[in-house]
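[1] Sequence and computational prediction follow.
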Amino acid sequence: MNTKLNLKHSLQWLTLVLLKEQPLTPDECCEKLNNILPPPPQPGNPKRKYSHDKIRTYLKELESNGDVISVKEGALSYSLTKKGFEREKEWRVTLKERIETIYQSLKVLLDRMQHNTQSIPVLVPQADREFVRSLITVKDVIRFFIIDRLQKNKFDTLTNLQHHMVNEYGWTSSPSYFLLIGRNEMCEGVDIENEPLEAPVILLKSQYGGKANRRYTREYSLIDPTAAQQWKDVYGRDAAESIQEALTFTSKLIALLREDKQS
(Lines give C-alpha, C1' and ligand atoms only; values in the text may rest on other atoms or scores of the structure.)
Protein backbone atom coordinates (compact mmCIF):
# COMPACT_ATOMS: atom_id res chain seq x y z
CA MET A 1 0.00 0.00 0.00
CA ASN A 2 2.31 2.74 -1.30
CA THR A 3 -0.45 5.07 -2.51
CA LYS A 4 -1.64 8.17 -0.69
CA LEU A 5 -3.18 7.12 2.58
CA ASN A 6 -6.79 7.99 3.33
CA LEU A 7 -9.68 6.77 5.44
CA LYS A 8 -10.78 4.33 2.74
CA HIS A 9 -7.65 2.20 3.19
CA SER A 10 -8.30 1.73 6.89
CA LEU A 11 -11.95 0.85 6.32
CA GLN A 12 -11.19 -1.59 3.53
CA TRP A 13 -8.57 -3.32 5.68
CA LEU A 14 -10.99 -3.55 8.61
CA THR A 15 -13.68 -4.85 6.25
CA LEU A 16 -11.37 -7.73 5.30
CA VAL A 17 -10.88 -8.47 9.01
CA LEU A 18 -14.64 -8.55 9.58
CA LEU A 19 -15.20 -10.83 6.59
CA LYS A 20 -12.66 -13.30 7.99
CA GLU A 21 -15.18 -14.01 10.71
CA GLN A 22 -18.37 -14.32 8.64
CA PRO A 23 -20.07 -13.16 5.42
CA LEU A 24 -21.74 -9.76 5.72
CA THR A 25 -24.16 -7.65 3.75
CA PRO A 26 -23.05 -4.08 2.94
CA ASP A 27 -25.40 -2.70 5.59
CA GLU A 28 -24.12 -5.13 8.23
CA CYS A 29 -20.56 -4.22 7.32
CA CYS A 30 -21.29 -0.50 7.62
CA GLU A 31 -22.95 -0.99 11.01
CA LYS A 32 -20.00 -2.97 12.35
CA LEU A 33 -17.50 -0.40 11.07
CA ASN A 34 -19.38 2.41 12.79
CA ASN A 35 -19.44 0.44 16.04
CA ILE A 36 -15.86 -0.83 16.01
CA LEU A 37 -14.07 2.22 14.60
CA PRO A 38 -16.33 5.32 14.76
CA PRO A 39 -15.07 8.17 12.56
CA PRO A 40 -13.72 11.26 14.32
CA PRO A 41 -16.30 14.08 14.47
CA GLN A 42 -16.02 17.01 12.10
CA PRO A 43 -17.13 20.63 12.55
CA GLY A 44 -20.90 20.73 12.18
CA ASN A 45 -21.09 16.92 12.22
CA PRO A 46 -20.50 15.74 15.82
CA LYS A 47 -22.30 12.42 15.25
CA ARG A 48 -20.62 11.60 11.97
CA LYS A 49 -21.21 8.14 10.51
CA TYR A 50 -19.73 6.27 7.58
CA SER A 51 -21.82 6.50 4.44
CA HIS A 52 -23.59 3.27 3.40
CA ASP A 53 -23.00 4.22 -0.24
CA LYS A 54 -19.26 4.62 0.30
CA ILE A 55 -19.00 1.29 2.11
CA ARG A 56 -20.80 -0.38 -0.82
CA THR A 57 -18.30 1.27 -3.18
CA TYR A 58 -15.35 0.06 -1.07
CA LEU A 59 -16.73 -3.50 -1.12
CA LYS A 60 -17.12 -3.38 -4.91
CA GLU A 61 -13.49 -2.23 -5.22
CA LEU A 62 -12.37 -5.13 -3.04
CA GLU A 63 -14.42 -7.47 -5.19
CA SER A 64 -12.91 -6.11 -8.42
CA ASN A 65 -9.45 -6.78 -6.94
CA GLY A 66 -10.41 -10.35 -6.10
CA ASP A 67 -10.19 -9.84 -2.34
CA VAL A 68 -13.88 -10.62 -1.71
CA ILE A 69 -16.67 -12.33 -3.60
CA SER A 70 -20.36 -11.49 -3.55
CA VAL A 71 -23.20 -13.97 -3.22
CA LYS A 72 -26.84 -13.08 -3.77
CA GLU A 73 -29.00 -15.50 -1.86
CA GLY A 74 -31.78 -13.23 -0.76
CA ALA A 75 -29.72 -10.25 0.43
CA LEU A 76 -26.38 -9.56 -1.25
CA SER A 77 -23.48 -10.58 0.99
CA TYR A 78 -19.70 -10.65 0.71
CA SER A 79 -17.15 -13.28 1.72
CA LEU A 80 -13.37 -13.21 1.95
CA THR A 81 -11.26 -14.96 -0.69
CA LYS A 82 -7.85 -16.57 -0.25
CA LYS A 83 -6.35 -13.52 -1.94
CA GLY A 84 -8.22 -11.27 0.47
CA PHE A 85 -6.89 -13.25 3.42
CA GLU A 86 -3.31 -12.58 2.27
CA ARG A 87 -4.14 -8.96 1.43
CA GLU A 88 -5.39 -8.35 4.96
CA LYS A 89 -2.09 -9.55 6.43
CA GLU A 90 -0.11 -7.40 3.98
CA TRP A 91 -2.14 -4.27 4.64
CA ARG A 92 -2.00 -4.81 8.40
CA VAL A 93 1.80 -4.50 8.39
CA THR A 94 2.00 -1.38 6.21
CA LEU A 95 -0.98 0.37 7.82
CA LYS A 96 0.32 -0.23 11.33
CA GLU A 97 3.63 1.49 10.57
CA ARG A 98 2.01 4.44 8.83
CA ILE A 99 -0.75 5.00 11.40
CA GLU A 100 1.70 4.80 14.30
CA THR A 101 3.76 7.59 12.71
CA ILE A 102 0.61 9.68 12.29
CA TYR A 103 -0.38 9.05 15.91
CA GLN A 104 3.01 10.26 17.17
CA SER A 105 2.77 13.35 14.95
CA LEU A 106 -0.69 14.14 16.33
CA LYS A 107 0.63 13.90 19.89
CA VAL A 108 3.34 16.45 19.07
CA LEU A 109 0.75 18.67 17.38
CA LEU A 110 -1.45 18.56 20.49
CA ASP A 111 1.56 19.62 22.55
CA ARG A 112 2.02 22.63 20.27
CA MET A 113 -1.63 23.66 20.63
CA GLN A 114 -1.16 23.47 24.41
CA HIS A 115 2.04 25.57 24.25
CA ASN A 116 4.39 22.65 24.97
CA THR A 117 7.37 22.94 22.65
CA GLN A 118 9.60 20.30 24.24
CA SER A 119 8.52 17.30 22.16
CA ILE A 120 10.44 16.56 18.96
CA PRO A 121 8.44 16.85 15.70
CA VAL A 122 7.66 13.64 13.82
CA LEU A 123 7.86 13.99 10.03
CA VAL A 124 4.78 12.60 8.29
CA PRO A 125 5.59 11.24 4.80
CA GLN A 126 4.10 13.25 1.96
CA ALA A 127 1.82 10.37 0.95
CA ASP A 128 0.22 10.30 4.42
CA ARG A 129 -0.39 14.01 5.04
CA GLU A 130 -3.77 14.03 3.34
CA PHE A 131 -4.95 11.48 5.89
CA VAL A 132 -3.75 13.65 8.77
CA ARG A 133 -5.57 16.65 7.34
CA SER A 134 -8.79 14.63 7.03
CA LEU A 135 -8.80 13.93 10.78
CA ILE A 136 -8.46 17.45 12.20
CA THR A 137 -9.56 21.07 11.69
CA VAL A 138 -6.62 22.08 9.54
CA LYS A 139 -7.73 25.70 9.22
CA ASP A 140 -7.43 26.28 12.98
CA VAL A 141 -3.99 24.64 13.06
CA ILE A 142 -2.73 26.89 10.24
CA ARG A 143 -4.15 30.02 11.87
CA PHE A 144 -2.55 29.09 15.18
CA PHE A 145 0.81 28.41 13.52
CA ILE A 146 0.87 31.66 11.51
CA ILE A 147 0.15 33.76 14.60
CA ASP A 148 2.62 31.80 16.73
CA ARG A 149 5.38 32.18 14.17
CA LEU A 150 4.79 35.90 13.61
CA GLN A 151 4.87 36.47 17.36
CA LYS A 152 8.46 35.19 17.26
CA ASN A 153 9.48 36.72 13.92
CA LYS A 154 7.68 39.99 13.20
CA PHE A 155 7.80 39.70 9.41
CA ASP A 156 7.77 36.67 7.13
CA THR A 157 6.42 35.44 3.81
CA LEU A 158 3.69 32.82 3.65
CA THR A 159 5.99 30.59 1.61
CA ASN A 160 8.56 30.63 4.40
CA LEU A 161 5.87 30.10 7.00
CA GLN A 162 4.60 27.01 5.21
CA HIS A 163 8.11 25.56 5.07
CA HIS A 164 8.59 26.24 8.77
CA MET A 165 5.33 24.46 9.51
CA VAL A 166 6.77 21.23 8.13
CA ASN A 167 9.80 21.58 10.38
CA GLU A 168 7.77 22.36 13.50
CA TYR A 169 4.70 20.19 13.00
CA GLY A 170 5.98 17.44 10.69
CA TRP A 171 3.44 18.21 7.92
CA THR A 172 1.61 21.08 6.28
CA SER A 173 -1.26 21.85 3.92
CA SER A 174 -1.01 22.46 0.20
CA PRO A 175 0.59 25.82 -0.74
CA SER A 176 -2.70 27.05 -2.23
CA TYR A 177 -4.67 26.29 0.94
CA PHE A 178 -2.02 27.88 3.14
CA LEU A 179 -2.21 31.04 0.99
CA LEU A 180 -5.99 30.99 1.14
CA ILE A 181 -5.93 31.05 4.94
CA GLY A 182 -3.06 33.49 5.41
CA ARG A 183 -3.56 35.94 2.56
CA ASN A 184 -7.25 35.76 1.67
CA GLU A 185 -8.93 35.12 5.02
CA MET A 186 -6.56 36.46 7.71
CA CYS A 187 -5.28 39.47 5.77
CA GLU A 188 -7.83 40.50 3.14
CA GLY A 189 -11.06 39.07 4.56
CA VAL A 190 -12.12 37.37 1.33
CA ASP A 191 -12.77 33.78 0.29
CA ILE A 192 -11.25 31.74 -2.53
CA GLU A 193 -13.47 33.61 -5.02
CA ASN A 194 -12.33 36.97 -3.62
CA GLU A 195 -15.81 37.53 -2.20
CA PRO A 196 -16.01 39.22 1.23
CA LEU A 197 -16.31 36.81 4.16
CA GLU A 198 -19.46 37.11 6.24
CA ALA A 199 -17.57 37.62 9.53
CA PRO A 200 -13.88 38.14 8.75
CA VAL A 201 -11.19 38.14 11.44
CA ILE A 202 -8.42 40.32 10.06
CA LEU A 203 -5.22 39.73 12.03
CA LEU A 204 -2.49 40.25 9.41
CA LYS A 205 -1.18 43.08 7.30
CA SER A 206 1.21 42.78 4.39
CA GLN A 207 3.90 44.83 2.73
CA TYR A 208 6.34 44.31 -0.09
CA GLY A 209 9.97 43.99 0.85
CA GLY A 210 13.23 43.87 -1.06
CA LYS A 211 14.38 45.92 -4.01
CA ALA A 212 11.86 47.21 -6.49
CA ASN A 213 11.57 44.62 -9.24
CA ARG A 214 8.94 42.49 -10.90
CA ARG A 215 9.07 39.90 -8.13
CA TYR A 216 8.39 41.76 -4.94
CA THR A 217 8.39 39.64 -1.79
CA ARG A 218 5.15 40.04 0.14
CA GLU A 219 5.77 39.89 3.91
CA TYR A 220 3.17 39.54 6.62
CA SER A 221 2.99 40.76 10.22
CA LEU A 222 0.44 41.00 13.03
CA ILE A 223 -1.80 44.09 13.13
CA ASP A 224 -2.69 43.90 16.82
CA PRO A 225 -0.57 41.56 19.02
CA THR A 226 -3.17 41.53 21.79
CA ALA A 227 -6.03 40.55 19.49
CA ALA A 228 -3.77 38.02 17.77
CA GLN A 229 -3.02 36.32 21.09
CA GLN A 230 -6.71 36.17 21.97
CA TRP A 231 -7.57 34.54 18.67
CA LYS A 232 -4.55 32.25 18.88
CA ASP A 233 -5.97 30.88 22.14
CA VAL A 234 -9.33 30.28 20.44
CA TYR A 235 -7.78 28.57 17.42
CA GLY A 236 -5.52 26.48 19.65
CA ARG A 237 -8.43 25.37 21.82
CA ASP A 238 -10.60 24.35 18.88
CA ALA A 239 -7.72 22.64 17.10
CA ALA A 240 -6.80 20.74 20.27
CA GLU A 241 -10.33 19.35 20.52
CA SER A 242 -10.20 17.96 17.00
CA ILE A 243 -6.69 16.60 17.52
CA GLN A 244 -7.80 14.79 20.66
CA GLU A 245 -10.63 13.19 18.70
CA ALA A 246 -8.12 12.19 16.00
CA LEU A 247 -5.85 10.65 18.64
CA THR A 248 -8.78 8.63 19.96
CA PHE A 249 -9.56 7.40 16.45
CA THR A 250 -5.96 6.52 15.56
CA SER A 251 -5.33 4.80 18.90
CA LYS A 252 -8.38 2.58 18.32
CA LEU A 253 -7.16 1.81 14.81
CA ILE A 254 -3.67 0.95 16.08
CA ALA A 255 -5.16 -1.38 18.71
CA LEU A 256 -7.08 -3.19 15.97
CA LEU A 257 -3.97 -3.40 13.78
CA ARG A 258 -2.01 -4.94 16.64
CA GLU A 259 -4.54 -7.73 17.03
CA ASP A 260 -3.30 -10.70 15.03
CA LYS A 261 -6.47 -12.59 14.25
CA GLN A 262 -5.86 -15.77 12.33
CA SER A 263 -8.65 -17.88 10.91
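    Sure thing, it's come through. Numbers count the residues shown, from 1 in each chain.
[2] got the residue ranges for the strands in the protein?
    In the chain, the strands defined using DSSP state E lie at 68-73, 75-80, 204-209, 217-222.
[3] Let's have those strands in CSV, adding mean neighbour count.
    For the C-beta atoms, the positions are set from N, CA and C on the backbone; glycine is no exception. Listed next are those as CSV, based on neighbours: other C-beta atoms under 10 Å:
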stretch, mean neighbour count
strand 68-73, 14
strand 75-80, 18
strand 204-209, 14
strand 217-222, 18
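[4] Tabulate those (JSON lines), appending mean pLDDT and distance to residue 193.
    As requested, those are arranged in JSON lines below (pLDDT from 0 to 100; distance: least, C-beta to C-beta, whole Å):
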{"stretch": "strand 68-73", "mean pLDDT": "91", "distance to residue 193": "43"}
{"stretch": "strand 75-80", "mean pLDDT": "94", "distance to residue 193": "43"}
{"stretch": "strand 204-209", "mean pLDDT": "88", "distance to residue 193": "20"}
{"stretch": "strand 217-222", "mean pLDDT": "91", "distance to residue 193": "20"}
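[5] separation between the nearest residue to residue 58 once chain neighbours are set aside and residue 88?
    Ranked by C-beta to C-beta, 6 or more residues apart in numbering and with sequence neighbours excluded, the top spatial neighbour of residue 58 is residue 12, at 5.2 Å. Residue 12 sits 10 Å away from residue 88, going by C-beta to C-beta, to the nearest Å.
[6] same deal with residue 125?
    From residue 125 over to residue 88 the distance is 23 Å, taken as C-beta to C-beta.
[7] more crowded one of the two?
    Ranked by neighbour count (other C-beta atoms under 10 Å), residue 125 and residue 88 place residue 88 first, with 20 against 13.
[8] which residues does the more buried one contact?
    13, 16, 17, 20, 80 (C-beta atoms under 8 Å, 6 or more residues apart in numbering).
[9] cool, residue 231 as well?
    Shown in contact with residue 231 (C-beta under 8 Å, 6+ apart): 143, 147, 201, 203.
[10] you'd agree the second one is up against residue 220?
    No - under the criterion of C-beta atoms under 8 Å, residue 147 makes no contact with residue 220, lying 10.6 Å away.
[11] Hmm, residue 62 and the residue nearest to residue 58 touching each other?
    Yes - in this structure, residue 12 is within contact of residue 62 by C-beta under 8 Å, at 6.0 Å.
[12] quick one: the helices in the chain?
    With helices called from DSSP state H, the chain shows them at 7-21, 26-36, 52-64, 82-113, 129-135, 138-152, 158-169, 175-179, 225-258.
[13] List the buried residues in the shortest one.
    Of the residues in helix 175-179, those scored as buried under the neighbour-count criterion (16 or more other C-beta atoms under 10 Å) are 177, 178, 179.
[14] Which member of those residues is positioned nearest residue 56?
    Lowest distance from residue 56 to these (C-beta to C-beta) belongs to residue 177, with 30.4 Å.
[15] and the closest one, how far is that from residue 233?
    Remark: distance between residue 177 and residue 233 (C-beta to C-beta) = 23 Å.
[16] The helix-or-strand element of the chain with minimal mean pLDDT packs against which elements?
    Least confident helix or strand, the chain: strand 204-209 with a mean of 88, by mean pLDDT, DSSP states H and E. Judged by 3 or more C-beta pairs under 8 Å, 6 or more residues apart in numbering; DSSP states H and E, strand 204-209 is in contact with strand 217-222.
[17] Nice, that's everything, thank you.
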